[in-house]
Every structure is written in structure tokens, then in C-alpha cells.
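J.: model the structure of this input:
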Amino acid sequence: MMHKLIHHIFRLPRIYKRLIQVLVDSACLTLSFLFAMLIKYEHLSSVLDKNAWLAFFITLPIGIYYFVRLGFYRAVIRYINQRALKTILQGLAATTVTLIAVSFMLGSPSPISVISVSLVFFLLAFVSVGGLRYLLRAAYRRASIKSRIPVVIYGAGAAGAHLVNSLKHSDQHAPVAFVDDWRGMHGTQVEGLEVHAPEQIGELINDYGVEQILLAIPSATRARRRAILKALEPLMIPVQTVPGTADIVTGRARINDIRNVTVEDLLGRDPVPPQPLLMQANILGKVVMVTGAGGSIGSELSRQILLQEPRQLLLLDVCEYALYRIEQEIKALAEHHHLDIPIKALLVSVQNRPRLTLLMRSFGVQTLYHAAAYKHVPMVEHNMVEGIRNNVFGTLKTAQAAIECGVETFVLISTDKAVRPTNVMGTTKRLAELICQALSGEKAKTRFCMVRFGNVLGSSGSVVPLFRRQIRDGGPITVTHPNITRYFMTIPEAAQLVIQAGAMGDGGNVFVLDMGEPIKIVDLAKQMVRLSGLELITEDNPEGDIAIHYSGLRPGEKLYEELLIGSDTTSTAHPRIMTARDTHWKWPRLEAYLRRLHNAVAKAQYEIIRELLLEAPIAYHPNHAISDLLWLQKRIDTATPQPLETPVIEEEKHPVNESIATPLCPLKLRSAQLNLAAAAMAKDSHF
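T.: Model (predicted):
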């Protein structure tokens, strides 16, 4: 009942709450004066002295006026602090002096008695007026703590102390204890909360009913955060964290911005600081173009490039919305860092060589990062013609336009799936590498280099957003195979290494990024479930929350990815960048091959396309039949029995010979339509 009354009072309009404070303070001051008189005098006649009470009632409204002028009633009781106490002291000191002055003006016979009563009144009034507010604040917090989540804060440093102060005014979290690794802190108190050892977290969960753990260790290395999260995983309790030091320093986040644990926390390693000379070599003061700027890698490349202060930044993409989004973000980033750099958003397909040539020549492009590609393995597998057209011939046309316009550096963003590929996507990326390698040997002024790396965390094709969504929906989590592994790297680290690798080599180099140790996808899924405070459904625990379902490998998918084709690798000036010299064809031979491939693609000759992909020096070894959806549909149409005759509509009968009057059967008509479409594509396109 009391809790409801307190909440009701705190929800009243501000003017009513201030009126109540004035009335309560008047009562407190009156009672304080009464008790001061009782303490000073033994006889009731002296306590009820008319002159003394007249002096007090003259002083009372003056004292309330002092509080109003000092802004005392603008303070919110639930957030009262030391500044409010200072205001109370100032107001009561002025009120006490006024009381003494009024008593003398009314002819008090005993100055010593007036002063002593006034001093006792000052002390009692301070305790009643200030103490009542602190009691109300404590009652409000105790009433609201029942509706908040009890949490333990891991990290009793400055970040933890700041977080506790923020959470005390929160409607969601109620901090109950600290946990810290440093033994010297154990048993001490920080912001009124005791600091415990990590081994005591289980006891704290049982004693306080803790429902969540908040990590307040922004300066900890990723390796340390990963170790802490691994230790907390068996507790089956949700874990959240404050942002890292880098985000706090750059202003992208505040210390009290609590967020979910990210995959960077689970898998991320400590990045190697970028080398400024390599970061600036191809960017500072130059016109830089990024194709596929709206994608995961392209957008992060654009952010990193902007911070190296190019003369002009050109953002290219074929998707209007993705281009608009990255343009707005890059412009906001430039404004935040006070960078006056022209940013141009250009809608263009990398398959449109004339348009690319016009843009590169008009803007005087000096450095080009080619990130535009179809990268989703099943999607390209089901649409192999468009995948080849975009990834192979889009790269070819972009590279030829760069040579024609005298671009100084061309950096191709490749993938680990280009190594001994089992899918069309990886094959197209390896062919794109072959194109750059071959053109580099033609003594062009443009310096070509390729950068190959694995999966990036949080990209559009990453499993992480999928797992997070499946956990939110209650499961099941879908994993293709229990033994499937992948390399992972954060998008910012990948972009920085791409930029630095692009500044190395003399042309034709394939750079390979050190991706660390491969991660089993099923282990990643299990960690995400446990750190969400949920339990896995297993044979031993059929009452769990989330199940893992194995869906089987998709067409073209491998259990393990590789980064190197051979063992011929060389270290570079950067500890996480290696260079490899892979086998490739000279341009004349590759050009003849590409003409044959182009003709097969233009005519949608799927069997010939596969034969040509097997012919190239890319170690393509598909583990499945052709999976292109159009090719499969044609096979279904061919296998479906068709009627020998199709009824002719009466109005369409004409007195012509039988061979003309007989309509085409649906299969022949469909085949004719496909041939016409292929002929049209071949006519409109050029190699």
C-alpha cells in the first residue's frame, strides 16, 4: 500500500508536487522550532512565549521564499544529491539569521536564549527537511527495485562505478553487487556495493536472484573478454556489455549504453594497429573510387578511406537504396570529423564499361577498390549465368576501364572461397583474380593487386544475424553440418588490412589475410544461445529452450575453407598480410578463354559453361550437379509429357496448308522463346 502511495505521489503534476513540498517543509520547520523550544525551556509558559512564536511565523514565509529563490523546489526528489543539501544549508542559514533578527526587533529579553534556540532550530530543520527527502528517495528506489532486473556488474573500475550511478536512476536494472578479477578489490565497496571474486557469481545469483550480468570492462582486450564470456557461459544467464573504449572515445557510444554481447566479443581477436603510411599511401590527397560501396565490405572501406582524407571519394553501386544509405552515412561521418571532402554517389553497374570509363576519366580516378560482386554461395549457384556475368565480366570491364583511364591502383576484393572452389561463386572470384593477374602482365600503367580473406562478422551473408533472429524467434537454429568451420574477421579489421595490402606489391600480387583459427559454426551457435540466458534442447535436456537443426550442406558448400592454393607464400611488412604467387594464364590465352565463356553465358548454355569452368586453371571441383534454377526448370519441362495436339480456337482457323495451321507444342514454343532471348542477349552484349 505504501509503495503504491509513493508511486502515486511521484506521478503527480509538477505544480502539485511543489505545493506539497512547501506545505511539508512548513510543517517540518514548525515542528523543528517547537522541539527547539522544548529542548531549551522546561516550563510550558516559556515554550508558548507569544513573542518567540510571532517571530517564527513572521520568519516562516520568508524562509520558504529563500528556498524558492535558491531553486530548491526545482530539484527532483528521486534524483536528490549533494547539491540539494548545499541548497538546504544555504536556505536554513538565511532563515535562522532572519529568525534571530526578527526576535531582536520584537524586543526579545534574552539574546543568548534567542541565539541558542535558533541554532537548535537550524540543526533540527536540516535533519527534518533534508532527511525527509532522502527517506522519500530511498523509499522510491526500494519500491521501484522490485520492478527492476537485479544485475551483477563485472568490473569495479571507473566504468563500473559510472555504470552503477547511471543504473540507480534506471527503470530497468538494479545493481546488487560488483565482480572483479583483481584480488585487491575483493571485500571492498564501490558506490555502496560490495566487490566479489568471479568465483562467487553463482552464489550471488542464488542470494540476490540475479537475472543478468553486465560487463563494464571497456578497455579489456578482446582475448580477455572472450575468456570472461567463456567462463560465464555455463551459468546460463544473459550477459550484456558496455561499449568498447574505441567507441566511447570517438563519441559513437556512451559508457551507459548497454548492448548485447556481439560476435566480436565471442570470436574477435585483438587487432593489430594499422600502419599509417600504408593506410595513406593510395588514398591521401587522391581521387578514390569504391565499387559496391553499399555492401558490407564496400561501406566499411568507404568509412576507412574517408578518414585517410582523399581528395574526392566516389561511391558506386547498382542498388539505389544501398547507395543512398551509404552516401548519407559517409556525409554524416565527414561532418562529424570536420572533413571537407567531396563525396559523390554514382548509380552504375560494373558491367557497363562505357559508363565506367566516362566516370573514371571525368573524375580523374587514381585508386579503385573493386568490392562489387555477388557473394552469396547458394544464390550464385542457383543463378550461375548472372553470377558469372557480374563477378567475372563485371571485373573485366571495370579493370579494362581502369587501364584505359590510367588508374594508378586497382585493388580486387576476393575471398577464401576462390581457393579450390566447389561452387560457382568461388570460381567466379578466382577467375576475377586471373583477370587481374593477366592484365598486370600486360605492362599496363595500372597496378593490380588482389586481397583474399574469409567471412566477415556481421556482413549481409553472415550466419550471425540469422542465428540472432532465430534465437529471438525461439528457434530452431539451422546449421548445415555439425563439422562445418569458417574463418571470421571483423569488418573494420578486414577493411583496414585490405587498404594496407593494396599499398604493397609491385603488381599482380595475391595478398592473403591472416584470419586466425577457424571456428566451428555449431560452437558459435551454442555460445550465442547460452549467453542469451537460454538452454539448448538436447537428448539429456529435452526441456531446453532452443534446438539446433542440421539442414545438410547446400550445393557448392564446403566443410572447410582454405586461404592458400599452394605453400608458396611470403611474409610482408604487416604481420597479418601474406603474399602468394598462384598459377595463372597469360592474357592472350585467358582472353581467348573468356570469349568462349562469354558466348556460352550469352546463349545460356549451362553444360558448356560448366565444362569451361572445369577447364580453367582454378581447381574447380563441383560436388553436385548443375543447380541453376532456369536450367532445372528446362529439365522439368523436357521430362514432362506434352499433348500431341493443342486445340485450335475456332475463330483462328484459316484455310491454309496443314503445316502452317499446326501450332507449335508448348515445349518447342518455350525452346524457341529461350533461343530468341539468348540471341537478344548476345546481340546487346559485347565482350
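J.: average pLDDT across stretch 410-423?
T.: What stretch 410-423 shows for mean pLDDT is 89.
J.: for stretch 603-611, same thing?
T.: 94.
J.: buried sites along that stretch?
T.: 603-606, 609-610 (16 or more other CB atoms under 10 Å). (C-beta placed from N, C-alpha, C; glycine too.)
J.: can you redo the residues you listed as CSV with distance to Gly502?
T.: Below are those laid out as CSV (distance: CB to CB, whole Å):
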residue, distance to Gly502
Lys603, 37
Ala604, 36
Gln605, 36
Tyr606, 36
Ile609, 31
Arg610, 33
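J.: for Gly406, what is the enclosing helix or strand?
T.: Assigned by DSSP states H and E, Gly406 belongs to no helix or strand.
J.: before we move on, what about Arg635?
T.: With DSSP H and E as the test, Arg635 turns up in helix 629-639.
J.: would you mark the buried spots in that helix?
T.: 631, 634.
J.: longest helix in this structure, by number of residues?
T.: Under DSSP state H, the helix in the chain containing the largest number of residues is helix 111-145.
J.: and that helix, how far from the chain's centre?
T.: 49 Å (CA atoms, centre = their mean, to the nearest Å).
J.: that helix packs against which elements?
T.: In terms of contacts (3 or more CB pairs under 8 Å, 6 or more residues apart in numbering; DSSP states H and E), helix 111-145 is packed against helix 2-10, helix 14-40, helix 82-105.
J.: now do the first one, average pLDDT.
T.: Helix 2-10 comes out with an average pLDDT of 54.
J.: just stretch 631-644 next, same as before
T.: pLDDT averaged over stretch 631-644 gives 71.
J.: do the same with stretch 357-369
T.: 97.
J.: quick one: end-to-end length of that stretch, please.
T.: End-to-end distance of stretch 357-369: 15 Å, with CA to CA, to the nearest Å as the criterion.
J.: tell me the domain ranges of this structure?
T.: 2-145, 149-261, 276-589, 641-687 (automatic domain parsing).
J.: now for the ones you listed, which one comes closest to Arg596?
T.: Arg596 lies closest, by CB to CB, to one member of the domains of the chain: domain 641-687, at 10.1 Å.
J.: now do Ser46 against Leu323, distance only.
T.: Counting by CB to CB, to the nearest Å, the separation of Ser46 from Leu323 is 88 Å.
J.: between these two, tell me which one has more neighbours.
T.: Leu323 (21 against 13; other CB atoms under 10 Å).
J.: I figured Gly441 was touching Lys586, is that so?
T.: Yes: counting by CB atoms under 8 Å, Gly441 sits close enough to Lys586 to count as a contact (6.3 Å).
J.: if we can go back for a sec, most tightly packed of the domains of the chain?
T.: Per residue and on average, the most neighbours among those fall to domain 276-589, with a mean of 19 (mean count of other CB atoms under 10 Å).
J.: distance between it and the chain's centre?
T.: Worked out by CA atoms, centre = their mean, domain 276-589 lies 18 Å from the chain centre.
J.: now do the strands in the stretch 401-550 of the chain.
T.: With DSSP state E, counting those that start in this stretch applied, the stretch 401-550 of the chain shows strands at 409-415, 447-453, 455-457, 477-479, 485-486, 488-490, 509-513, 519-520, 548-550, listed in chain order.
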